[in-house]
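In: only geometry, no sequence info:
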């Protein structure tokens, strides 16, 4: 291990040179990427908690919207059914019988 580079066998010198080139190439690749921002665990926890609360609120709103949609569909179906019944009554001449 006390040998200098020049004293090493040729194959070892080539391997060391090749390894050093690869290290420089990868360092150049890494330098092209932005440095990561400092990791702030407290801020990340706060964002995660906010996201969880927002998700819960959105799920509740989605359930309420689904319930409202069911009610709307039922009302539309009733209106359509009543319209079809009135059409049939009119075709039979029974519309006057339906008047209050």
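Out: Arrived safely. No experiment lies behind these values; they were computed from the predicted model shown. Numbers count the residues shown, from 1 in each chain.
In: tell me what the host helix or strand of residue 53 is packed against?
Out: Taking DSSP states H and E as the definition, one finds residue 53 inside helix 41-92. When contacts are defined as 3 or more Cβ pairs under 8 Å, 6 or more residues apart in numbering; DSSP states H and E, helix 41-92 packs onto helix 95-98. Every C-beta, even on glycine, is put in place using the N, C-alpha and C of the backbone.
In: how far away is residue 78 from residue 28?
Out: Distance, residue 78 to residue 28, using Cβ to Cβ, to the nearest Å: 71 Å.
In: residue ranges in this protein under the pLDDT threshold?
Out: Residues of the chain meeting the criterion pLDDT under 70: 1-3, 35-39, 94-100.
In: try it again at 80.
Out: 1-3, 33-41, 94-100 (pLDDT under 80).
In: number of residues surrounding residue 18?
Out: By other Cβ atoms under 10 Å, the residues close to residue 18 number 10.
In: element containing it, please.
Out: For residue 18, the element it lies in under DSSP H and E is helix 10-31.
In: show me how far that helix is from its chain's centre.
Out: Chain-centre distance of helix 10-31: 40 Å, with Cα atoms, centre = their mean, to the nearest Å.
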